[in-house]
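Participant: show me the folded form of this:
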Amino acid sequence: HRDLHSFPTRRSSDLSLRMLLALRKRRAEFDLIHLNEITLLPLGVLAKRLLRLPLVVHIRSLQPSTKDIRTRMIDRLLMHNADAVIAIDESVRRTLPVELSVQVIHNVLQVDSTTKLVEVDDTQTFRVAMVGGLLKLKGVYEFVEAARICKQRGLPAKFVIAGENVRELCGLKGWLLAKFGFSRDVRTDLERMIRDYALEEMVELKGFVRCVTDLYRSVDLLCFPSHLNAAGRPVFEAAFFGVPSVVAVEDPPADSLIHGVSGLAIPARDPAALADAITSLCLDRSCCRRMGEAARRLAEENYSPTVNAERLYAVYKKTSGHG
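Facilitator: Predicted structure coming up:
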């Protein structure tokens, strides 16, 4: 089967009205349209009507909880135009209309299958990591506050933060982040906190890490204290290395985190709760090890390239009428 998702364009924005009109002459070459993000939905609907092809909408981001005019319009477009809707996980599915038929197909994560589980040595320093851009909404301030609490408790732990300082990003990405108020110099703030709390020996700001897999192999626990009420990609990446996670999420979907089994769920914006979770796993390394093994099984079940490719192909066949 061929679909417009595979058409050789470098950017989705290149699919202008002129290109769609040109594609009408080649309509017979395609079986369906695969729209790769909901933000392109109006263009997808236009393509569906011009080309008279079924439309598959792939939704990769959490949708707004407030039902404003824009959200209601998007919901109506989905209900009346999408022949199939795919969400990348249960968290995204929860933000879509209940009455909408949605299939969850996770993103693919390809990790070296020979990777061994991280060996947790009970006698060594407990290494805790946070991976992601240095943004307030990622919970980086809470992470350093949790390190301060753990130091007061005398916990034998090392805290590592791996990620770019948003203010130092250049190009379109840096411009967009600055435009929407995300250009705060978070690294300078964190450096000041580390000095004020005398955490120089306990907290390391690694900056951008080119090979994050090496980091996952070297840590015992990942923290994802985001304010967005969802588990992020680092949680699933770390899981392949047998590293469990502490995630700021309420009522986590079973495909992302099973509280007390593959990791721990805590409230957002709560450094004390984060410190308590880190402390409990540091003091019970065998529990940390069991959670890491469960996290790996969960990741292998949900993010297998072969399994998810078969699921997507099944959607294509059914939607195009070739199933």
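Participant: next, count neighbours for Gly260.
Facilitator: 11 (other C-beta atoms under 10 Å). In short, each C-beta sits where N, CA and C put it, glycine included.
Participant: okay but Glu204 is in contact with Ala147, surely?
Facilitator: No. Judged on C-beta atoms under 8 Å, Glu204 makes no contact with Ala147 at a distance of 10.3 Å.
Participant: where do the contact lists of these two overlap?
Facilitator: Common neighbours of Glu204 and Ala147, using C-beta atoms under 8 Å, 6 or more residues apart in numbering, are Phe159.
Participant: between the two, tell me which one has more neighbours.
Facilitator: Counted by other C-beta under 10 Å, Glu204 and Ala147 do not tie: Ala147 has more neighbours, with 26 against 16.
Participant: residues contacting that one?
Facilitator: Ala157, Phe159, Tyr197, Leu199, Met202, Val203, Ala275.
Participant: if you set the cut-off to 7 Å instead, what comes out?
Facilitator: Phe159, Leu199, Met202, Val203 (C-beta atoms under 7 Å, 6 or more residues apart in numbering).
Participant: so which helix or strand takes in Asn308?
Facilitator: Using DSSP states H and E, Asn308 maps to helix 305-320.
Participant: so, low pLDDT: which residues of the stretch 201-323 of the chain?
Facilitator: Scanning the stretch 201-323 of the chain for pLDDT under 70 picks out the ranges 323.
Participant: show me where it has strands.
Facilitator: All strands of the stretch 201-323 of the chain, identified by DSSP state E, counting those that start in this stretch, fall at 203-207, 221-224, 245-248, 263-266.
Participant: got these as CSV, with distance to Arg192 columns?
Facilitator: Below are the strands of the stretch 201-323 of the chain laid out as CSV (distance: least, C-beta to C-beta, whole Å):
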stretch, distance to Arg192
strand 203-207, 12
strand 221-224, 21
strand 245-248, 23
strand 263-266, 25
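Participant: and those strands: which comes nearest Arg76?
Facilitator: strand 245-248 (32.6 Å; C-beta to C-beta).
Participant: and that closest one, which strands flank it?
Facilitator: In the sheet, strand 245-248 lines up against strand 221-224 (parallel), strand 263-266 (parallel) (DSSP bridges).
Participant: can you say which of those strands is packed in most?
Facilitator: Of all the strands paired with strand 245-248, strand 221-224 has the most neighbours on average by mean count of other C-beta atoms under 10 Å, namely a mean of 27.
Participant: contacts for that strand, please.
Facilitator: When contacts are defined by C-beta under 7 Å, 6+ apart, strand 221-224 is touched by residues 128-131, 143, 231-232, 234-235, 238, 243-248, 274, 278, 281, 288.
Participant: what pLDDT does Lys67 get?
Facilitator: Reported pLDDT at Lys67 in the predicted model: 82.
Participant: which residue packs closest to it, ignoring adjacent ones?
Facilitator: Ranked by C-beta to C-beta, 6 or more residues apart in numbering and with sequence neighbours excluded, the top spatial neighbour of Lys67 is Asp75, at 7.9 Å.
Participant: packing partners for the helix of greatest length in the chain?
Facilitator: Ranked by residue count and defined by DSSP state H, the top helix of the chain is helix 285-302. Packing partners of helix 285-302 (3 or more C-beta pairs under 7 Å, 6 or more residues apart in numbering; DSSP states H and E): helix 233-239.
Participant: list of residues touching the helix it packs on?
Facilitator: 109, 131-132, 212, 216, 222, 224, 245, 247, 256-257, 295-296, 298-299, 303.
Participant: which one among the residues you listed gets closest to Asp31?
Facilitator: Tyr303 (26.5 Å).
Participant: tell me the spacing between the closest one and Phe236.
Facilitator: 6 Å (C-beta to C-beta, to the nearest Å).
Participant: compare neighbour counts for these two and give me the winner.
Facilitator: Remark: of Tyr303 and Phe236, Phe236 carries more neighbours, 24 against 21, as counted by other C-beta under 10 Å.
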